[in-house]
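*Asks:* This is the structure alone, sequence omitted:
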């Protein structure tokens, strides 16, 4: 139990350090849309999008294997 808590605290501290060091605002332009986000938020959003795409791809592969 204490081991999991310690790992959670270490990961939380690392995420906070990452967020503070990447706090600069970055502008994003996509066609006619423009927005400004902190760099760390943008990196986390891209990470989440990648996780979701990977999960969907894995689900599709599993479905195809089960139907064969």
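*Replies:* Cool, the structure landed. These numbers come from a predicted model, not from an experiment.

*Asks:* Tell me where the protein has strands.
*Replies:* 25-30, 33-38 (DSSP state E).

*Asks:* wait, which of these is closest to residue 3?
*Replies:* The closest of these to residue 3 is strand 33-38. By C-beta to C-beta, the value is 32.2 Å. All C-beta spots, glycine's among them, are computed from the backbone N, C-alpha and C.

*Asks:* Report the inter-axis angle for that closest one versus strand 25-30.
*Replies:* With axes from the mean of the first three to the mean of the last three C-alpha atoms, to 10 degrees applied, the angle from strand 33-38 to strand 25-30 works out at 160 degrees.

*Asks:* partner strands of strand 33-38, parallel or antiparallel?
*Replies:* Its sheet considered, strand 33-38 pairs with strand 25-30 (antiparallel) by DSSP bridges.

*Asks:* so which of the strands of the chain gets nearest residue 13?
*Replies:* strand 33-38 (18.5 Å).

*Asks:* what residues does the closest one touch?
*Replies:* Strand 33-38 has contacts (C-beta atoms under 8 Å, 6 or more residues apart in numbering) with 19, 22-28, 45.

*Asks:* for the chain, what spans make up the helices?
*Replies:* With DSSP state H as the criterion, the chain has helices at 2-21, 39-67.

*Asks:* No further questions, thank you.
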